[in-house]
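Participant: pasting a predicted model and its sequence here:
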Amino acid sequence: MKYRLAIASVLLAWQGPLLYAQDSLRTTQLQNVVVTGQFEPQSIRQSVYQVRTISYAQIVRRGATDLQSVLATELGVRFTNDLALGTSDIRLMGMGGQAVKILLDGVPLLERGESREALNQIDINTVDHIEIVEGPMSVMYGTDALAGVLNIITKKYDGHWNLEARVLEETAGDEYDPFTDKGVHNESVGAHWQRGKWSAGGSVTRNNSGGWNEGHYPSDLPAQPMRWHPKEQWLGMGNVGFSTGKLTLRYRLNYTDETINSLGTYNPRVGQAVDKEYITHRYNHQVQADWNLTERLVYNGVASYQDYSRRTRTVLYDMATGATWLSPGAGTQDETNFSMAMSRGTFLYRLSDRISLQPGYDINLSKGAGDRIDREREINDYAVFATAEFKPTSSLNIRPGVRFIHNSAYDAPPVVPSVNTKFQLSSRLDLRWAYAYGFRSPALRELYFSFHDASHDVYGNENLKAEYSNSFIGSLAWQAYTGNKSQLNSTLAGFYNTFKDQIILATVADPSVPSGRISRYENITKSRTIGTTLDNNYQYGGLQVSLGFSYIGVSDPVKAAEGDLELLWSPEVRTNVAYTWSKPATTVSLYYKYTGKSSNYETVTPEGSTEPITRLATRENFQWADFTVAQRINRMLDLTLGVRNLLDVTTLRNTSLDVGNAHSGGGDVPMSYGRSYFLSLYFHLTK
C-alpha cells in the first residue's frame, strides 16, 4: 500500500536525538490550573466545580485533526454522526448537544441549530487544553449550560517570536492518496510575535478529506446512499494584543470556510446523479479585556460578534455527458444566515481573604434569516448575575449565585439560583456538592424553522416554552497517594437531573402531508437523567494509567411525553495507558473505550397497518481503541504516528424502524470509515 511505503520511508530517515517526555511547545498553561467558571485561575483541587482537563500533551499524542477525535474516548462523552448533512453532535452525561455550552476562550460559539457542529470547526492546532465542567452552569453562562460547559482554551506563547507548522496524513480505511483526495490531510502554519507591550500572530489550516467510497461512476458508487462525504475546510486566525502591568487587551478573528460534498447515488433510469454541496462561512470577532483596577477589584470583559452562513447547492450530474445544472426541486437550493453579538463582564471584589463577590452582566443579541426560516427573526437576551465565595474555615468553600434574565421571545424565569460547596474532609479527601436551577431558551431554529422536501416536513414552533431543570451533583475526590515519582487519585461522582418542558423534535400525525406525519419541535412535561462515574488515575515514573466507569440512565422522550419516566441505562468503560522511555525518549499511548448498548422508544406504523405502535429500539455496544507513538526528531521537529480505530468499527446494528423522521436513526448507525493509519510531523521554533 502507498501509505505504508510512505511511513516506512520516513522511519528510515530518522536521525538525531529523540525526545517526547515533555510538551514540545512552551505555553502559559500551569499544570492542573483551570479558569472556566472560576473567580481567578486556580488548581482543580481548589475549585468548587467538578472539572476535568485534557492537556496539550494529551492532544498532541492523539495526532488528531479535530476535537471530536480527542473527546470521543472521554468518559460520559458520545458523538452522533449525521451523514446526510456531514455533521456531528455531542452528548455529555446523557444529554444532547443542545444542553452543552461550547466556549472558545470563554466565548459561546454561534450554532445554527440544536447540534454542536461548531466543535469540528475549531482549529485544533491552536488549542492549548480543554476544560470540561460537569453540571449546570446557567448562573455563570446562561442558556444551554444544563449538562455542563466545554471550554476550548487556545495557546498563549512565550518568546520574542514563534514559528510552527504541521503536516498530517491519514488513510480512510484502506484508501489513501498523498496530500489530497482519498484519505485525511491536514496542513497548518502559524506565527506569533511579541515585543514590549505588543503582540500579534496568525495561522492558516487546511483540512481535506476525500470521503469514503466516493465516485460518479456506477461501478464506484456504493450500494448504500449513506457514506462519509468529501470535505474541504480552511481555518484562519489572526490576533493582536496589548498589555501593561494592570491592563491586558486582546483581539482575535477566527474564520471558517467549509465545503462538504454529498455525492448522490446514481439513478440508472435517468442516467443522473444528484449531488449536493453544503457551503459554510463563519466569522468570529472577539475582544477581551482584563483590568486590575485596584488590589481588591478586577474587571474581566469580553465582546464578540459572530456571523454564520450555510448554503445548500444541489446539482444534477449527467453521467453520459458530464453536464451539470442546478436542481429545480423544492428545498434543493437554500441559504440560512445567523449572527450573534454578545458582551459579558464581571467585577471581582475581594472583601477579605474569606469573602469575595463577583457581580456581572451578560447580553446576547441573535438574528436569523433564510429560506428555511419564516422571515428574519431575532432573540435578545439580557441578564445580570452575582456570585460569591465564602470560606468560613480553611476546609470549607461555599459559592452561591443568582441570575436575573429578560428575554424578548419567551417568559424567562424570575431568578436562576445555584449553590456549590467544597468540603476538605482531610488532606487527601475532598467532597463537592451542588444544586443548580438550569434553563435553556428555545433557539431560533426551534421557534421558526420550516423545511419541506420529498421526504421531510419539519416545522418550528413559536409556542415553545423555555426548558428548566433542577440538578443535583456530588463528588468525592481521594488523593490516595502522592510521592516524588508516583501518585494515585480517584473520583466518585453522581448526578440527578429533572427537566420541565424539555424541547424535542417530535413526530406528529398530520393527514395533510403524503407521509401522514410531520416533525415539529415540542415541549414534553417532564424528563430526567441520573448517573454515576468512577475515575481513577495512576502515575509512576514514565507510566500513566487512567481507568474510568460510568453508568447513566436517561428517560426516553416518547415515553416521557406519555408521563412514563422509565430510565434507559447504558454503561461506559474507559482506559488510557501511556509510557515514556527516557533514553531514547519515546511515548507510546493506548486509548480504549467500551460504550454499552443504548435504547430508545419510537412510534412507528407497521407495514400494512394504519395504527401507530410504540416499540423499543436498541443500538449495539461497541469498542473503540487508538494506538500512537510520539517522538522528537530534534529540538525543532516532532513526529507522531499511529493507528486509529484499531478494532475496525464502521457501523453499529440498530433495530430502529423510524425512517420517516428528519435525519432519523432508522437503519445501521455510522461510526467511522474503519481502521486508519496516520503520520504527523510538527515543526516549532521559539526565539
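Facilitator: Happy to help now that I have it.
Participant: which element is T575 on?
Facilitator: strand 567-581 (DSSP states H and E).
Participant: buried sites along that strand?
Facilitator: 568, 570, 572-576, 578, 580 (16 or more other CB atoms under 10 Å). (C-beta placed from N, C-alpha, C; glycine too.)
Participant: pLDDT weak spots in the protein?
Facilitator: Applying pLDDT under 70 to the chain flags the ranges 1-31, 213-226, 452-456, 514-515, 610, 658-666.
Participant: which residues touch K101?
Facilitator: 108, 137, 141, 144-145, 148-150 (CB atoms under 8 Å, 6 or more residues apart in numbering).
Participant: please tell me how far the closest residue to it other than its chain neighbours sits from R403.
Facilitator: Using CB to CB, 6 or more residues apart in numbering and skipping the chain neighbours, the partner closest in space to K101 is A145 (3.9 Å). Distance from A145 to R403, counting by CB to CB, to the nearest Å: 11 Å.
Participant: list residues touching both of these two?
Facilitator: Joint contacts of A145 and R403 (CB under 8 Å, 6+ apart) are S138.
Participant: which one's more surrounded, these two?
Facilitator: A side-by-side neighbour count of A145 and R403, using other CB atoms under 10 Å, places A145 first with 27 against 24.
Participant: what about the helices in this protein?
Facilitator: Here the chain has its helices, by DSSP state H, at 2-12, 56-62, 67-71, 138-141, 444-448, 557-561.
Participant: circling back to that earlier point, wait, isn't the residue nearest to K101 in contact with S138?
Facilitator: Yes. Contact criterion CB atoms under 8 Å: A145 and S138 qualify, at 5.3 Å.
Participant: and the closest residue to W478 other than its chain neighbours, bridged to which residues?
Facilitator: The shortest distance from W478 to any non-neighbouring residue, by CB to CB, 6+ apart, is to S490 (4.9 Å). As for beta bridges, S490 partners with W478, N536 under DSSP bridges.
Participant: one more: Y435?
Facilitator: Beta-bridge partners, per DSSP bridges, of Y435: V419, F472.
Participant: ok, which pair from the contacts of K101 is furthest apart?
Facilitator: P108 and G148 (13.4 Å; CB to CB).
Participant: which of those two has more neighbours?
Facilitator: Each of P108 and G148 has its neighbours counted (other CB under 10 Å); G148 has more, 27 against 23.
Participant: how many neighbouring residues does the closest residue to Y278 other than its chain neighbours have?
Facilitator: Leaving aside its chain neighbours, Y278 sits nearest to I260 (4.3 Å; criterion: CB to CB, 6+ apart). Counted with other CB under 10 Å, the neighbours of I260 add up to 20.
Participant: where's the nearest residue to A560 once chain neighbours are set aside relative to H684, distance?
Facilitator: Of all residues not flanking A560 in the chain, S527 sits nearest, at 4.4 Å (CB to CB, 6+ apart). In this view, S527 and H684 are 48 Å apart by CB to CB.
Participant: more neighbours, the two?
Facilitator: S527 (23 against 17).
Participant: looks like that one contacts D564 (just checking).
Facilitator: No. Taking contacts as CB under 8 Å, S527 lies outside contact range of D564: 10.3 Å.
Participant: overlap in contacts, those two.
Facilitator: In contact with both S527 and D564: S555, using CB under 8 Å, 6+ apart.
Participant: quick one: residues contacting Y437.
Facilitator: 136, 138, 413, 416-418, 468-471.
Participant: circling back to that earlier point, mean neighbour count, the helices of the chain: which tops it?
Facilitator: helix 138-141 (a mean of 26; mean count of other CB atoms under 10 Å).
Participant: what sits up against that one?
Facilitator: Here helix 138-141 has contacts from 37, 101, 103, 108, 145-146, 149, 362, 385, 387, 401-403, 416-418, 436-439, using CB under 8 Å, 6+ apart.
Participant: can you select the buried ones from the residues you listed in PyMOL?
Facilitator: If you want just the buried ones from these in PyMOL, going by 16+ other CB under 10 Å, the selection is:
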select buried, resi 37+101+103+108+145+146+149+362+385+387+401+402+403+416+418+436+437+438+439
